[in-house]
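[1] missing the sequence, but the structure's below:
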């Protein structure tokens, strides 16, 4: 599926209507949103779209030539099944441009009930190879797959080349070091996971406490980190804490950094990647404003002249300011190994 | 649903042991009362001490001892080489497979019957029925799901599909492309020097208060606590669960098998079994997921009493 004239779409997050409008105004080709419940993987208090807001947002986006995707990308259990079914019907009724789904049962339902509705495989579907993407394409006719942030650039190229459908990759935002859809660390500690509840390390389980040792951050009483006075304390996402392994205390799983693949855009474009996704529906309209503007410029520059494309220092500085731990990384994309 | 006596299975070895240790281990397993044995490397494709033929040799040994043998596939399929190896395992022509990635499900479905491991997300009846239509013959309940969800799913279980649960062992909680064992030794993954060979039961990660929290096992992260559902055995039987999985550890796995087997077949009380198992379990046990709580929680049961109506 490679294409030398490939134009990569910019897919921006929106947790509310102001963010959606900002992303559209800044030239997002598509905006993705979720409903106000556990049917999506950013199920946070005060976030997401009710009926009226979703309608307004979709109308606004369509007037301005942008698409709207709805994420229904958590895994329903029998007791909640109807909520997911309703979410699918609801989104279809609103005239959205695509659903982003993860669960096989939900995909089966959506493809039977709404055969003309475009389906994307969510990153929560954990498809890390063309072979698994093929499963969802064969059975549910998905039109795009979002691939996990654990793949290296070389692997992305292979998947893009062999996948039956175009792929979307993460360009910027919080970094999951675990394969999405296959990480239960959060429910092990709190009872709620991205799969079941749509949140990782949920705020209701977080405790902050000033002690003689420093500022302790806990998740359901488990000490995730302890910050000295001169250290900035981040949100206690549990894989980003400091722990003891052997004699050492360190970020044993992952440093608190953000993913930034801006430097790789020409290669992603050449590989035939269909879209660059920005993470962060939970972030503020100010974040959406900054990030969507910078990425629009970068994608345009890359498309016009990929040979001479260079990320501008001003773009990188802008992204640095809104990055977790004020650091960015190429994540797994730069890995030289298989 | 009739209470029935579940079979016992031994899951794949999740750690990296040397070849002799693995052969010795399965020679003992062949003599044990376990009914089903899952074989193969499911965690890291760089672990190549055991060739496919070595696994098939062990499979023959176990079959000769009357065990049902299943070949388990890698949990995270990324590289082309991993995909090729997966294809050749799927085409082995003799043994059934446990799919641990959707790539394996795709290769097996509509061609042969298959089993899904705990990392395949079957969370609802829609998914279960869809996969059953395409060849699923047994599924392992995803480890974060509760008895309520299992009960709902058992009520809609398609015909000829067996249900297995992760009954005893450290919980495989997450998978990454990054190797945390290599990271702990300040080594890059591509030069990991196979350091996971040093930790027969993984590398213990503690909180800064020294509480055992997780276990690093290469690209896999496990719970430090061992999931142990012995106290919940009566409920499990009532739900018609077909198979109980025990996940291998370097020590006492055979003892654990014998104790659980005695509960199922020799009227051993679960109270006694729970005490014996607790003494053999390294950093505490948990059963929170089963009860719909945080996985690390430990919910006490009134052991060995009739729990009619509890569910």
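    Perfect, thanks for sending it. Everything numeric here is computed off the predicted structure, so don't read it as measured data.

[2] what's the burial count for the residue nearest to residue A:162 when sequence neighbours are not counted?
    Once flanking residues are discounted, residue A:162 sits nearest to residue A:130: 3.9 Å by CB to CB, 6 or more residues apart in numbering or on different chains. For the C-beta atoms, the positions are set from N, CA and C on the backbone; glycine is no exception. Look at residue A:130: counted by other CB atoms under 10 Å in any protein chain shown, it has 23 neighbours.

[3] residue in chain B nearest to chain A?
    residue B:126 (2.5 Å; CB to the nearest CB).

[4] what is the burial count for residue B:31?
    9.

[5] pretty sure the residue nearest to residue A:162 sits against residue A:156.
    No - with contacts counted by CB atoms under 8 Å, residue A:130 stays clear of residue A:156, the gap being 11.2 Å.

[6] circling back to that earlier point, tell me the contacts of the residue nearest to residue A:162?
    By CB atoms under 8 Å, 6 or more residues apart in numbering or on different chains, the contact set of residue A:130 is A:158, A:159, A:162, A:163, A:164.

[7] are any of those residues buried, and which?
    Neighbour counting with 16 or more other CB atoms under 10 Å in any protein chain shown marks A:158, A:159, A:163 as buried within the contacts of residue A:130.

[8] of those residues, which ones also sit close to chain B?
    Among those, proximity to chain B is found for residue A:158 (CB under 8 Å from any CB of the partner chain).

[9] possible to save the buried ones among the contacts of residue A:130 as TSV with pLDDT, secondary structure and distance to residue A:223?
    As requested, the buried ones among the contacts of residue A:130 are exported to TSV (pLDDT from 0 to 100; DSSP: H, G, I helix; E, B strand; the rest coil; distance: CB to CB, whole Å):
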residue	pLDDT	secondary structure	distance to residue A:223
A:158	93	helix	41
A:159	95	helix	38
A:163	97	coil	42
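
[10] just the closest of the buried ones among the contacts of residue A:130 to chain B, please.
    Within those, distances to chain B taken as CB to the nearest CB reach their minimum at residue A:158, with 6.0 Å.

[11] near the residue nearest to the closest one when sequence neighbours are not counted, how many other residues are there?
    Among residues not flanking residue A:158 along the chain, residue B:80 sits closest, at 6.0 Å (CB to CB, 6+ apart). When counting by other CB under 10 Å, one arrives at 16 neighbours for residue B:80.

[12] can you check residue B:36 too?
    Going by other CB under 10 Å, the residues that sit close to residue B:36 add up to 22.

[13] how long is stretch A:316-329 end to end?
    12 Å (CA to CA, to the nearest Å).

[14] got any ranges where the chain has weak pLDDT?
    You didn't say which chain, so I picked chain A. A:1-5, A:325-327, A:331, A:333-338 (pLDDT under 70).

[15] wait, chain B
    Ranges of chain B meeting pLDDT under 70: B:1-3, B:301-311.

[16] pull the longest strand from it.
    Identified as the longest strand of chain B according to DSSP state E is strand B:162-176.

[17] anything in it near chain A?
    Yes - Strand B:162-176 lies within reach of chain A by CB under 8 Å from any CB, at B:171, B:173, B:174, B:175, B:176.

[18] out of these, grab the one that's most surrounded.
    Ranking the residues of strand B:162-176 next to chain A using other CB under 10 Å puts residue B:175 first, with 27 neighbours.

[19] look up phi and psi at the residue nearest to residue A:162.
    phi -60, psi -30 (degrees, to the nearest 10).

[20] what separates it from residue A:176, distance-wise?
    Separation of residue A:130 from residue A:176 (CB to CB, to the nearest Å) stands at 21 Å.
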